[in-house]
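A.B. asks: Return atomic coordinates for the entry below.
(chains A and B)
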Amino acid sequence: MSGQSFGRDKRMLDQASFQRVFDEACYRISHKNYLILVRPNSGSGARLGLVIGKKKVPTAVARNQIKRLVRESFRRHWTQLPPVDVIFLARSGLNISASQLYTQLPKAWIKLQEEVKNTGRTES
RNA sequence: GGAGUCGGCCGGACAGUCGCUAUCGCGGGUGCUCGAAUUUUCCGUGAUGGGAGUUCGGGGCCGCGAUGGAGGAAAGUCCGGGCUCCGCAGGGCAGAGUGCCAGGUAACGCCUGGGGGGCGUGAGCCCACGGAAAGUGCCGCAGAAAAUAUACCGCCUAAGCAGUUCGCUGCCGGUAAGGGUGAAAUGGUGCGGUAAGAGCGCACCGCGCAGCUGGCAACAGGUGUGGCAGGGUAAACCCCACUCGGAGCAAGACCAAAUAGGAAUCCCAUGGUGCGGCCCGUACCGGAUUCGGGUAGGUCGCUUGAGGUGUGUGGUGACACACAUCCCAGAUGAAUGACUGUUCUUGACAGAACCCGGCUUACAGGCCGACUCCUUUU
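C.D. replies: Prediction:
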């Protein structure tokens, strides 16, 4: 399996997984336009979940674009990430340009990686 | 050349790398799952039994390869169908919708053709376009009066009465021509007529009625006749004609763990516990297998269809028919993308969610065809 792939094992697929992260998120990375919640998982690698509300991003085209950008960025940086569940939440006003979001996200992944390393917490 | 009308089409392109998803093919890659076989083997009971392995086949997963992968509006969810489930003897009422005529269609509030009215020099465009003598309601402001009519400014003084300076004045009246108000004032114009006037009479126009001609019809034309009914509003109630059962793919169908409870059959023990002093009796308490309901979850529904394209035939046309040919998204925490490069005209509105036919709304820019008006040149 290549590190660049983005199969079903790297996505959060059911309600239960989402609820676990919402209930006990260990880390959160906040930005004006989005919020990232993180919780270590027992699996083999990081998994991504997306929450893009219709009220936050009104048009379907914009929602799709944001999802694709975040997924793409996650896919590229997956090898650097510890085994955690990540939820990307859109906040209102996330209608910024595509390239802007794409350049911001790597910083968030690096920050996430360092924070997990420093605290050293893992799934017990 | 300029201005414009109508109809149709396109909605950046190409290459490379890395991804997502569906289908197909290949691969003894597979520690998952289902079924069958088994001369294999292990465990266990009081009894039926329960695993493990091997072989074969299917599915899933994994790898590789090939191919396909958002729209003209996918949108708004405003109409009409298909498809599901529920309801339903038949009829009526209520409610909702539609509303010139004919045709097309599975159906429509859609489309086509025609009629009528309005706008435009024109190509063309627009119309909720049945009924106001069935009834009810409403009609601001202005105006005398907004609907069983009425008389503000006016006009007249013929007839009757009174007065008189014999000019006329007043009363009783007549009238709706003119003015003024308004979106709208009880047909219009002209002539006659009259005291002044008035469909009071006549001509033409308008309107109503009757029959005639053309047309399937809406309607049009012309003939005769009636002096004229009588404001507007029906996207006010209403009347008339026609149409309509309800819910929606979270429809619906199937498979089905774990846990709890239920039913049936078999097995052995005639055992334990409660009631009881004891027997009898009665209630509850095992194991195995099977069955039905059913939750999480999964599968189907799910894309071959009132389908696209081409040709021919019929029709003014919407469209229909025949033949040939093609298969063109099917996701489900929800795919159809990202990056790099080249190029042009620098890319708008915008994302399928059961499927079709419409309507409406949004939209950078571009292409094609037909037609109209103006101007110039030959």
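
A.B. asks: contacts, neighbours, all on C-alpha from now
C.D. replies: Will do.

A.B. asks: Any regions of chain A where pLDDT drops low?
C.D. replies: In the predicted model, chain A carries pLDDT under 70 at residues A:1-4, A:13-16, A:42-44, A:93-103, A:116-124.

A.B. asks: now the helices for chain A?
C.D. replies: In chain A, the segments counted as helices under DSSP state H are A:15-23, A:60-76, A:98-119.

A.B. asks: Turn these into a markdown table, including distance to RNA strand B and mean neighbour count.
C.D. replies: Shown next, in a markdown table, are the helices of chain A (distance: least, C-alpha to the nearest atom of the strand, whole Å; neighbours: other C-alpha atoms under 10 Å):
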| stretch | distance to RNA strand B | mean neighbour count |
| --- | --- | --- |
| helix A:15-23 | 3 | 13 |
| helix A:60-76 | 4 | 16 |
| helix A:98-119 | 5 | 13 |
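
A.B. asks: Next, format those helices as CSV and append distance to A:Gly45.
C.D. replies: Converted to CSV, the helices of chain A look like this (distance: least, C-alpha to C-alpha, whole Å):
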stretch, distance to A:Gly45
helix A:15-23, 14
helix A:60-76, 12
helix A:98-119, 13
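
A.B. asks: what is the closest residue to A:Phe74 other than its chain neighbours paired to in the beta sheet?
C.D. replies: Nearest residue to A:Phe74, sequence neighbours excluded (C-alpha to C-alpha, 6 or more residues apart in numbering): A:Leu48, at 7.7 Å. On the basis of DSSP bridges, A:Leu48 is bridged to A:Arg11, A:Val86.

A.B. asks: how about the nearest residue to A:Tyr27, chain neighbours excluded?
C.D. replies: In space, and not counting its chain neighbours, A:Tyr27 is closest to A:Val38: 5.1 Å by C-alpha to C-alpha, 6+ apart.

A.B. asks: list the contacts for the one you found?
C.D. replies: With contacts defined as C-alpha atoms under 8 Å, 6 or more residues apart in numbering, the neighbours of A:Val38 are A:21, A:25-28, A:84-87.

A.B. asks: tell me the phi and psi of A:Ala25?
C.D. replies: Here is the backbone geometry of A:Ala25 (degrees, to the nearest 10): phi -80, psi 130.
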